[in-house]
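Colleague: generate a structure from the sequence data that follows.
(one chain, ligands or ions: 1)
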Amino acid sequence: MATPGVDPRLPNQPCGVADCENAAEVLFKVSDKQEAWICRSCIPDILKAKSILKNQIHTEGADPRDDPGRPAMIKQEPFHGDPHLQGLVNLLIPEVALFVETGTGAGSSLKWVAEQYPWLLCWSCEAHYPTAKKAQQYTITLNNVHIFDGLSTELLALFQNQMPGLITRRGLFWLDAHSHGFGCTLLEEIEAIQRLWRGGFILIDDFVVPGKPEFGYDVNEDLTIGWDYVKPAIDQSKFRGLWGPNYEARSQDRGWGLIGFGELMDGAVDRLNTMEY
Ligand SMILES: C[S@@+](CC[C@H](N)C(=O)[O-])C[C@H]1O[C@@H](n2cnc3c(N)ncnc32)[C@H](O)[C@@H]1O
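Modeller: Next comes the predicted model:
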């Protein structure tokens, strides 16, 4: 009979990381095509190595905006196919009137949101031109989608200068643009969102989950993306709360952090504290 909490496929073999002699404990998805059985203590090192790879430019010396060696992003499951994270997004949409994403990629999460909520205005930005074009094609039939082909900081400045009507709406901000040669503008994004909008939710992808290294996270110049990283950018006068995954990760799950700020709908914080997602 299987032991509760133990993966029934667990093989009797050592961790797949070179020089590590611990027993294998979890099946880790290294890429879309490769999986490896490794021990839990090697998870942070593998995640860091993956994140450094993700941050490289593919063609030496190329402008990351049209890096010719970079393959176009492939379609993925929306929100990593994580049913808990998808559930959280579904619970947050009724609390807002605008969805903003930084880093469109193939447009997988954007399309998932926009198709389900045709009344919701959805803005996204993608700084790699070939990827932006593909995502625009992929979402072309959705009238509520707008994809800006440029940097996240440029899109946020556009809201301020040219779309003042939209900054009066409560927003859900899915921040997923911290890699692929563009550096990490996460702190600038958080600062601009809190300064411009009166309230909303900032949902950050690739965010370290304390005590749960199985959730993937990004590292920027040796600093792990997580609460300690973003805290200097938080406007304490607007801060309404921080939430993270309270469930067990599957091997492909990525960590996330949710920050509530400013004026929210009545009871929103209580609803989030008691929600099951
Ligand atoms: C992981 S993918 C996005 C996936 C997408 N958010 C989803 O959930 O389906 C990250 C994308 O962000 C883009 N990116 C990185 N930094 C950026 C920046 N500062 N501004 C705009 N796009 C950026 C990358 O080119 C890459 O295509």
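
Colleague: which residue lies nearest the spatial centre of the protein?
Modeller: Asp205 (2.3 Å; Cα atoms, centre = their mean).

Colleague: for that one, give its distance to Ala177.
Modeller: Note on Asp205: its distance to Ala177, by Cβ to Cβ, to the nearest Å, is 9 Å. Backbone N, C-alpha and C define where each C-beta goes, glycine included.

Colleague: residue numbers of the stretch 1-150 of the chain in contact with the ligand?
Modeller: Within the stretch 1-150 of the chain, the positions near the ligand by Cβ under 6 Å from any ligand atom are 73, 76, 101-105, 108-109, 125-128, 131.

Colleague: could I get these in a markdown table, plus columns for pLDDT, distance to Thr168 and secondary structure?
Modeller: As requested, those are arranged in a markdown table below (pLDDT from 0 to 100; distance: Cβ to Cβ, whole Å; DSSP: H, G, I helix; E, B strand; the rest coil):
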| residue | pLDDT | distance to Thr168 | secondary structure |
| --- | --- | --- | --- |
| Met73 | 72 | 32 | coil |
| Gln76 | 84 | 32 | coil |
| Glu101 | 98 | 19 | strand |
| Thr102 | 98 | 20 | strand |
| Gly103 | 96 | 25 | coil |
| Thr104 | 97 | 24 | coil |
| Gly105 | 94 | 28 | coil |
| Ser108 | 96 | 29 | helix |
| Ser109 | 98 | 25 | helix |
| Cys125 | 98 | 20 | strand |
| Glu126 | 96 | 25 | coil |
| Ala127 | 95 | 27 | coil |
| His128 | 93 | 31 | coil |
| Thr131 | 93 | 31 | helix |
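
Colleague: not counting its own residues, what contacts stretch 248-257?
Modeller: Stretch 248-257 is contacted by residues 26-29, 35, 80-82, 85, 203-209, 212, 214-217, 226-227, 230, 242-245 when judged by Cβ atoms under 8 Å, 6 or more residues apart in numbering.

Colleague: tell me which residues of the worst-scoring helix or strand of the chain on mean pLDDT come out buried.
Modeller: Least confident helix or strand, the chain: helix 43-54 with a mean of 76, by mean pLDDT, DSSP states H and E. Using 16 or more other Cβ atoms under 10 Å as the test for burial, helix 43-54 gives Ile43, Ile46, Leu47, Lys50, Ser51.

Colleague: and that helix, what other elements does it pack with?
Modeller: For helix 43-54, the packing partners by 3 or more Cβ pairs under 8 Å, 6 or more residues apart in numbering; DSSP states H and E come out as strand 26-29, strand 219-220.

Colleague: can you pull out the low-pLDDT segments for the stretch 51-200 of the chain?
Modeller: Within the stretch 51-200 of the chain, the ranges that satisfy pLDDT under 70 run 53.

Colleague: the same query, at a cut-off of 90, please.
Modeller: Scanning the stretch 51-200 of the chain for pLDDT under 90 picks out 51-64, 66-76, 178-181, 183.

Colleague: any chance you could map the strands in it?
Modeller: 98-102, 121-125, 145-148, 171-175, 199-205 (DSSP state E, counting those that start in this stretch).

Colleague: and of the ones you listed, who's closest to Thr139?
Modeller: Nearest to Thr139 among the strands of the stretch 51-200 of the chain is strand 145-148; the distance by Cβ to Cβ comes to 4.4 Å.

Colleague: just the CA trace of that closest one, in PDB.
Modeller: Extracted C-alpha coordinates of strand 145-148, given in PDB (Å, rounded to 0.1, in the frame of the first residue of the first chain):
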ATOM      1  CA  VAL A 145      -7.000  42.400 -25.500                       C
ATOM      2  CA  HIS A 146      -4.200  45.000 -26.200                       C
ATOM      3  CA  ILE A 147      -0.600  43.900 -26.500                       C
ATOM      4  CA  PHE A 148       2.000  46.700 -26.400                       C
END
